[in-house]
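**Student:** Following is a predicted model, sequence given first.
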Amino acid sequence: MIRLLVALALVIPGLQTTMAAEFNVRDYGAVGNGSTNDDDAIDRAINAASAAPGGVVVFPSGTYRSRTIHLKSNITLRLDSGATIKAASSGMDAPESNSYDSYQDYGHSHFHNALMWGTGLTNVTITGSGTIDGDHNLITGNPSSGQADKALSITECSNLTLSGVTFRHGGHFAALINGCHDIVIDNLKTINDDTGVRDGINLINSWNVTVTNSRIEASDDALVFKSDFALGHTYTTQNVRVSDTTVYSHENNALQFGSETCGNFRDLRFDRITVLGAGKAGIGIVSMDGAIIEDVHYTDVTLTKTTTPIFMKIGERKRCPGSPPAGRIRNIHLTNVTGSNLTAPEPSSTTGGSELTSTITGTPAVDIGPDLVLDGVNLKVPGGHPASDATKVPGEFLTTYPPRDYGTRPSFGYWARHVQGLTINGELRFDANDNRPAVITDDGSNVSLNLVAQRGSSSPYDVGVSGISGYVVAGTNTTGGALRVKATNSSGNPVLLYGEAEAGAITAPMQVVADATASGGSYVTVASGNNSKTTAPATGHDTLTFTVPESGTYAVWAKVIAANDGDDSFWVRVDGGAWTNWNGIPLGTSWHWAKTPLSVNLTAGTHTVTFAYREDGARLDQVALSNGPTPA
């Protein structure tokens, strides 16, 4: 009996609601006993619901054994509580031919050999609290005749919703979605098992995507964005939003771009994500086939049990028509990312090691970046490496993409090579003493690091820069000492540090005086009648503290007023050293910058500059440290 509810309308003044027609698969001959193949009955119900159109295909509690199910437009499949669709062991649709299958793996190239498939569809929803189960009958490798390798495959579709259901034993892919747009995935679950599952959700060449409140778990890639050439063309993957979701890959990548990367990616946001494990990368971005990946933001991400917390790589596999050159990865922002217990969930030959350093690398010809910003990224890695590992030089590996290829990196926190426009702010710590430096960057430009980094007991240095044009290193080790920088064939960025005189540590008779024309609305001077021209006074000081980002030679400047040659001097010193008589300050009755006689060699870290009074009319507004630029 067809339960047509379309005729049922609740008419309320000013409001009319029409309920969708329901088509119960049992009314079309489905048995639901777990052994009888019900796919013919299911297809009949789908055809009727699509013709309605917009009908709901209802699966009441039961186990529906099925060969391939053929999806249609304008339908909803609703799996009620206790309802399970289970894959048959044989009789699945044969894979269609594909003249483009040389550009990607077999599983990506064919779509009909699935428990459910559809192409060119619109308005398809799969919902409810039931389960779609491959039952170990979906193949994780290349299927033989009558076998299928995916639970759901759908191509060139629009308005697809997956909500509430659970995928189990999904084969090579629980869901393979290619060339689709306007996709909503909410409260979805994919479940890992010892066998019968590889990838979780593959979103390929797809745009206008929302993933929320889900748990995506797999043995291979969990939630992955790709662009292959299986359709004979690509679309730009864009306008993707993933939030409030848990991701877990037991042996591979958790959140991943690639490796199939023929088309471009832009405008993707990941918010409030929990990564419970990744045998390769927790956050992985690779461009292997010429793709531009840009404008990608991760915010509030927690990583645990990830072999490589962060992995970004440009390669040159060129597995797309025309053998495209290396692509680009740029405008990538990670904000408030924390990682702990960062070891492989299941160490194996797939992972290549229980832990590998976060890696950011381009190619010798193409830098990765610019605008790579890791802000508030705090990682606590396993550690345990000797100082001798700091001398390792990993190969380029331009045609492969697993993090394991690079082996042990020479640093424990980040290893970056062929990079431009990289900014990292955060903390780096280890569980077991690690004598490698925290960060090494090699070959690039415009690198800025501001870190709290733990130091190994025999670590030779904290940060290494080699062949970097324009770098800044600031921060401390975890005990408060300055970071030690080893720079080779590199140049630092110009450094200009400012401090307000009134913000320093001031002792009497030096005092703060209000002045609307001064920077910050006030300045420092000595109370009238106090002069100390022969020696610096024991009190009457103003001490300012600066954090110097890199070692170098710094000049001390001050913004002053010296009205006449009887009131034109201070005593000045750095780090409590010998006092220098700064006499003959350029005269003037308005605030102006003047260079003190001090030019000092400073290491990266915290330093003090102290002024003491000498003549009672001199006024002090701002203080600056500069390794070249003139204060303004």
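**Tutor:** Thanks, I have the structure now. Residues are numbered from 1 along each chain as shown.

**Student:** Only C-alpha atoms from now on, for both contacts and neighbour counts.
**Tutor:** Will do.

**Student:** and Leu334, what is it in contact with?
**Tutor:** By C-alpha atoms under 8 Å, 6 or more residues apart in numbering, the contact set of Leu334 is His297, Tyr298, Thr299, Val373, Leu374, Asp375, Gly376, Val377.

**Student:** Please type out the ChimeraX selection for whichever of those residues turn out to be buried.
**Tutor:** In ChimeraX syntax, the buried subset of the contacts of Leu334 is picked out as below (16 or more other C-alpha atoms under 10 Å):
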select :297,298,299,373,374,375,376,377
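
**Student:** Out of the contacts of Leu334, the closest to Gly413 would be?
**Tutor:** Val377 (10.7 Å; C-alpha to C-alpha).

**Student:** all helices in this structure, in order from the N-terminus.
**Tutor:** Using DSSP state H, the helices of the chain run over 39-51, 106-109.

**Student:** which other residues reach the shortest one?
**Tutor:** Taking C-alpha under 8 Å, 6+ apart as the criterion, the residues outside helix 106-109 that touch it are Asn98, Tyr100, Asp101, Gly141, Asn142, Asp149, His172, Leu176, Asp228, Ala230.

**Student:** who wins for proximity to Gly444 among the helices of the chain?
**Tutor:** It's helix 106-109; of the helices of the chain, that one is closest to Gly444 (C-alpha to C-alpha) at 35.9 Å.

**Student:** and the contacts of helix 106-109, which of them are in strands?
**Tutor:** Counting by DSSP state E, the part of the contacts of helix 106-109 found in strands is His172, Leu176.

**Student:** could you flag which of the contacts of helix 106-109 are buried?
**Tutor:** Those of those that meet the buried threshold are Tyr100, Asp101, Asp149, His172, Leu176, Asp228, Ala230, by 16+ other C-alpha under 10 Å.

**Student:** The fourth one touches Asn202, doesn't it?
**Tutor:** Think His172. No. The criterion here is C-alpha atoms under 8 Å, and His172 misses it with Asn202 at 10.3 Å.

**Student:** packing partners for the longest strand belonging to the chain?
**Tutor:** Secondary structure of the chain per DSSP E: the longest strand is strand 265-287. With contacts defined as 3 or more C-alpha pairs under 8 Å, 6 or more residues apart in numbering; DSSP states H and E, strand 265-287 has these neighbours: strand 237-249, strand 255-261, strand 292-304, strand 306-314.

**Student:** so how far is Thr155 from Phe167?
**Tutor:** 19 Å (C-alpha to C-alpha, to the nearest Å).

**Student:** of these two, who's got more company?
**Tutor:** Comparing Phe167 with Thr155 by other C-alpha atoms under 10 Å, the one with more neighbours is Phe167, at 27 against 21.

**Student:** For Gly52, give me its contacts.
**Tutor:** I think there's a mix-up here, since residue 52 is Ala and not Gly. Per C-alpha under 8 Å, 6+ apart, neighbours of Ala52: Ala21.

**Student:** what's it sitting at in phi/psi?
**Tutor:** The phi/psi pair for Ala52 (degrees, to the nearest 10) reads phi -60, psi -40.

**Student:** got a pLDDT number for it?
**Tutor:** As predicted, Ala52 sits at a pLDDT of 97.

**Student:** you'd agree Gly540 is up against Ala508?
**Tutor:** Yes. Counting by C-alpha under 8 Å, Gly540 does reach Ala508; the two are 4.7 Å apart.

**Student:** Touching both of those two, which residues are there?
**Tutor:** Val526.

**Student:** Which one's more surrounded, the two?
**Tutor:** Gly540 (20 against 13).

**Student:** ok so, going back, quick one: the helices of the chain as CSV, columns for mean neighbour count and distance to Glu550 too.
**Tutor:** Formatted as CSV, the helices of the chain follow (neighbours: other C-alpha atoms under 10 Å; distance: least, C-alpha to C-alpha, whole Å):
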stretch, mean neighbour count, distance to Glu550
helix 39-51, 22, 68
helix 106-109, 20, 49
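
**Student:** Make a markdown table from the ones you listed and add distance to Ile585 to it.
**Tutor:** Below are the helices of the chain laid out as a markdown table (distance: least, C-alpha to C-alpha, whole Å):
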| stretch | distance to Ile585 |
| --- | --- |
| helix 39-51 | 88 |
| helix 106-109 | 75 |
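
**Student:** Quick check: which of those is nearest to Ser287?
**Tutor:** Of all the helices of the chain, it is helix 106-109 that lies closest to Ser287, at 17.5 Å by C-alpha to C-alpha.

**Student:** How far does that closest one sit from its chain's centre?
**Tutor:** The chain centroid and the centroid of helix 106-109 are separated by 27 Å, computed with C-alpha atoms, centre = their mean, to the nearest Å.

**Student:** Let the chain start at 140 from now.
**Tutor:** Right, with 140 as the first residue, what we last looked at is helix 245-248.

**Student:** From the buried ones among the contacts of helix 245-248, pick the one nearest Pro192.
**Tutor:** Among these, Leu315 lies closest to Pro192 (C-alpha to C-alpha), at 25.2 Å.
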